[in-house]
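> Dropping the sequence and predicted coords here.
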Amino acid sequence: MKTILAGLSALALAPVSLAISPAAQAQEAQADVYVGLYDAMGSSIDMEVTVDATVNGFIDAMRQLPFDGRASEAMWKELAVAVRPLFLEYGKRGQAVIRPEMIAMLRSGLTEDEALYLTEFYLSPLGQKVQRGINEGYDAKSVIGDALDSAVLGDDGPNIGSAAVEADITRATMRSLATLTAEEQAELARVSSTGTAFQSLAALQPKMVEIRTRGENLPLTADEERRMEAAMTRVFEKYLKR
């Protein structure tokens, strides 16, 4: 079970390849088995679902801040709509940043045969189901809450710690495994114990956590920060200055 959890944890990184066009992505994947593996790992990940979870987590975390009872459900709903496009843009930029790091990591720790074996699994019906389950199990509230806690405690700005990232990866993976039937769990155990691919991927978990932690803490650009502040200020002034 430990090998399965560590091996599948890569899926919790939600590696959506958005930096290049689908045609160029397919051509690149054909020429490089590690690019193909990375793309397969994100082939059933829906960025829209991830962004919705992130926005909901952001709103839930913001609810914990003191607003003296003046905040309303209407305000939270409007704030979610206002910031969602910015979170989507930020997510795409973050994926473009970590993509080459993830591919380099896979290249450093897997043989080509192992990469091909894992690619076949991730593109299988079972691999696709596991991917979807992990994507839907992402708990943005706990990860974003870690950043808010660090800010309140006086750290140098909001910061998401590697422990929070690792905990989210494990939690999402366990939630996904819980959706599998007994037959699917048996098949997953068989696939993960065949050869060395899953063991090699499991050995890369610390590096995966490191890369995702950097991705989670990717600073906003000056323009993103200005637009985020403007969107939040607009909503807060509408509902709180009454």
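The structure has been received and is ready for your questions. Being a predicted model, the structure only gives us computed values, none of them experimental.
> Helices of the protein, residue ranges please.
Here the chain has its helices, by DSSP state H, at 2-8, 22-31, 33-41, 47-62, 73-109, 112-122, 125-136, 140-152, 162-178, 182-193, 197-203, 205-216, 222-240.
> Give me the buried positions along the fourth one.
Pointing back at helix 47-62 there. Across helix 47-62, burial judged by 16 or more other Cβ atoms under 10 Å covers 47, 50-62. Using the backbone N, CA and C atoms, a C-beta is placed for each residue, glycine as well.
> So for that helix, mean pLDDT?
The average pLDDT within helix 47-62 is 83.
> Can you pull the phi and psi angles for residue 194?
In terms of degrees, to the nearest 10, the main-chain angles of residue 194 are phi -90, psi 120.
> returning to what we had before: let's have the buried residues of helix 47-62 in TSV, adding distance to residue 72.
What follows is those, written out as TSV (distance: Cβ to Cβ, whole Å):
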residue	distance to residue 72
47	30
50	27
51	24
52	21
53	23
54	22
55	18
56	17
57	20
58	17
59	13
60	15
61	17
62	13
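> Buried deepest among the helices of the chain, which one?
helix 33-41 (a mean of 24; mean count of other Cβ atoms under 10 Å).
> Who are the packing partners of that one?
Under the contact definition 3 or more Cβ pairs under 8 Å, 6 or more residues apart in numbering; DSSP states H and E, helix 33-41 sits against helix 22-31, helix 73-109, helix 112-122.
> Compare these and give me the one nearest residue 238.
helix 73-109 (7.5 Å; Cβ to Cβ).
> now the angle from the closest one to helix 47-62?
Here helix 73-109 points in a direction 120 degrees away from that of helix 47-62 (axes from the mean of the first three to the mean of the last three Cα atoms, to 10 degrees).
> And helix 73-109, what does it pack against?
By 3+ Cβ pairs under 8 Å, 6+ apart, helix 73-109 packs against helix 33-41, helix 47-62, helix 197-203, helix 205-216, helix 222-240.
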